[in-house]
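>>> sequence and predicted structure are below.
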Amino acid sequence: MARTPVGVLISGGGSNLQALIDAAADPAYPAEIVLVISNRADAYGLERAAKAGIATRVIDHKGFAERASFDAELDAALRGAGCGIVCLAGFMRVFTPGFVEGWSGRMLNIHPSLLPSFKGLHVQRQALEAGVKIAGCTVHLVTPDLDDGPIIEQAAVPVLDDDDEATLSARILEQEHRIYPRALAALAAGRIRIEGRRARSA
Ligand code: GRF
């Protein structure tokens, strides 16, 4: 079985990257991580990738005058590595629509809320402030709108009375590590069918 080559974009710790690396260690997994790109040279996820023998690149957004030229560099690196799918895993940059459209249906993001609730930043804090009793995470296809796009997988967790941002984030993160590899496997294996905003298993 041909495994789909995947590029993962990170900015930080890369625990979701690690979950994908671990899943892809199984030869039967339908995707193979071939490149990890970080916009920050000090991202710990780069070490995780190197330990797994995966090629890494640092492309620092601060070296580019315009968003479009940064995105063009990312795009060239991903295509140069033969990537068929891109996974955003804690990548803290907003893209130009042109870049996103070039990967339409082939770029996934993990977001630590039950979308469409709580988009943007500090979403666990947003959930606590809103007083919701159930929180969670979402893997979705990336479209030009922020934290939008057809939902592939979601998982819910309870919000406990004594939760703070750290405890809630940790409970959600555990679920992120469970659903991201599942969502990537489904997309890589061609098991996702999109109808409007709905993604269904083919
Ligand atoms: C995760 O909570 C992810 O949902 C969000 O950023 C965080 C990244 O964590 N987009 P890590 O770098 O994967 O550990």
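Yep, it's here. Owing to the predicted nature of the structure, the values given are computational and were not obtained by experimental measurement.

>>> and stretch 118-132, how far out from the chain's middle?
19 Å (CA atoms, centre = their mean, to the nearest Å).

>>> now do stretch 152-164
Counting by CA atoms, centre = their mean, stretch 152-164 is centred 19 Å from the centre of its parent chain.

>>> compute the first-to-last residue distance for that stretch.
With CA to CA, to the nearest Å applied, stretch 152-164 spans 28 Å between its terminal residues.

>>> buried residues in it?
Within stretch 152-164, the residues scored as buried using 16 or more other CB atoms under 10 Å are 152-155, 157, 159, 163. (C-beta placed from N, C-alpha, C; glycine too.)

>>> could I get these as JSON lines with pLDDT?
As requested, these are exported to JSON lines (pLDDT from 0 to 100):
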{"residue": "Ile152", "pLDDT": "98"}
{"residue": "Glu153", "pLDDT": "98"}
{"residue": "Gln154", "pLDDT": "98"}
{"residue": "Ala155", "pLDDT": "98"}
{"residue": "Val157", "pLDDT": "98"}
{"residue": "Val159", "pLDDT": "98"}
{"residue": "Asp163", "pLDDT": "98"}
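
>>> can you list contacts of the helix or strand of the chain with the lowest mean pLDDT?
In the chain, the helix or strand scored least confidently by mean pLDDT, DSSP states H and E is strand 198-201, which has a mean of 93. The contact list for strand 198-201 (CB atoms under 8 Å, 6 or more residues apart in numbering) reads 141, 150-152, 186, 191-194.

>>> tabulate the CA atom coordinates of it in PDB.
Taking Å, rounded to 0.1, in the frame of the first residue of the first chain, the C-alpha atoms of strand 198-201 are listed here in PDB:
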ATOM      1  CA  ARG A 198     -20.300  17.900   6.100                       C
ATOM      2  CA  ALA A 199     -17.500  15.400   5.900                       C
ATOM      3  CA  ARG A 200     -18.700  11.800   5.900                       C
ATOM      4  CA  SER A 201     -16.900   8.500   5.800                       C
END
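
>>> which parts of this structure sit against the ligand?
Residues of the chain lying close to the ligand (CB under 6 Å from any ligand atom) are 12-17, 89-90, 110-112, 173, 176.
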